[in-house]
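[1] when you get a sec, could you give me coordinates for this:
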Amino acid sequence: MFGRNKREKITPGDALRGRDTEVVIADTHSVLGTTLRPPFPGMAVLTVAMGCFWGAERKFWSAPGVHSTSVGYTGGYTKNPSYEEVCSGRTGHTESVQIVFDPKVTKLEEMLKIFWESHDPTQGMQQGNDVGTQYRSAVFWNTPEEKAAIEASARGFQAALTEAGHGEITTEIAQAGTYYYAEDYHQQYLAKNPDGYCGLGGTGVSCSIGLGLDS
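    Model prediction:
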């Protein structure tokens, strides 16, 4: 566990197996007062990863049109992992945020704008001083239409990054798999711990809504 390269993603055969027992979390979002678990009738769902999930979740629960947010683990292989297991690099999972938003009030592109602008998507298997595969940038799509919109937004933001002198986007764009909720103390962590750690930092480059979507 401790001799692995933190930047090297685990293979399925070497990943921890996990367990059948799900973590127990509160039913209600501690900031928004909405439900944390599905079903979410009439809502859209997007899952992203952008480094430590504490600060990332706060970015989204503050956005107009967002119904609910939670933090969890996805993109890897281990069933119902613990935080310590994810941090070991032996699950393949990212620290993720699941955003539930009202498509009548806001749009997927608005959520992607927050995503691209709120972290540095060019850093590979780290975000700032947080190093490891669990901190990689990622967006998980549910439908071909979402995939096309995400890929278009990545192309548009890459053009803006290049113009500003930044490198290539390393963000993983993958089909959504099982999303495992993180332990209850992680949910809305910075609302419960206002002085808690937040390593989130963007590039300072603006992502125009709709940029590249027609390309």
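
[2] just the helices in this structure please.
    Using DSSP state H, the helices found in the chain span residues 53-61, 83-87, 108-117, 144-163, 189-192.

[3] out of those, deepest packed?
    Comparing the helices of the chain by mean neighbour count (mean count of other C-beta atoms under 10 Å), helix 53-61 comes out on top with a mean of 24. Yep, even glycine has a C-beta here, placed from its N, CA and C like the rest.

[4] tell me the angle that one makes with helix 108-117.
    Per axes from the mean of the first three to the mean of the last three C-alpha atoms, to 10 degrees, the angle that helix 53-61 makes with helix 108-117 is 150 degrees.

[5] what ranges does this protein have for its strands?
    Under the criterion DSSP state E, the chain contains strands at 44-50, 66-74, 94-101, 126-127, 130-131, 137-141, 172-175, 180-181.

[6] which one of those strands is the most hemmed in?
    Taking mean count of other C-beta under 10 Å, strand 94-101 is the most buried of the strands of the chain, at a mean of 26.

[7] what does that strand contact?
    34, 40, 43-53, 56-57, 60, 63, 65-76, 86, 111, 133-136, 138, 140, 172, 179, 182 (C-beta atoms under 8 Å, 6 or more residues apart in numbering).

[8] direction included, what does it pair up with?
    Sheet pairing for strand 94-101, assigned by DSSP bridges, gives strand 44-50 (antiparallel), strand 66-74 (antiparallel).

[9] among these, which comes closest to Lys9?
    strand 44-50 (12.8 Å; C-beta to C-beta).

[10] what angle sits between the closest one and strand 137-141?
    160 degrees.

[11] just for this structure, where's the confidence low?
    1-4, 209-215 (pLDDT under 70).

[12] tell me the phi and psi of the residue nearest to Asn129 when sequence neighbours are not counted?
    Excluding the flanking residues, the one nearest Asn129 by C-beta to C-beta, 6 or more residues apart in numbering is Gly199, at 6.4 Å. Backbone torsions for Gly199, taken as degrees, to the nearest 10, come to phi -100, psi 10.

[13] nearest to Arg19 among the helices of the chain would be which one?
    Across these, closest to Arg19 is helix 83-87 (C-beta to C-beta), at 9.8 Å.

[14] need the contact partners of the closest one.
    Here helix 83-87 has contacts from 16, 18, 73, 76, 78, 91, 93, 95, 132, 134, 182-183, 186, using C-beta under 8 Å, 6+ apart.

[15] and if we set it to 6 Å?
    Helix 83-87 is contacted from outside by Leu16, Tyr73, Thr91, His93, Gln134, Glu183, using C-beta atoms under 6 Å, 6 or more residues apart in numbering.
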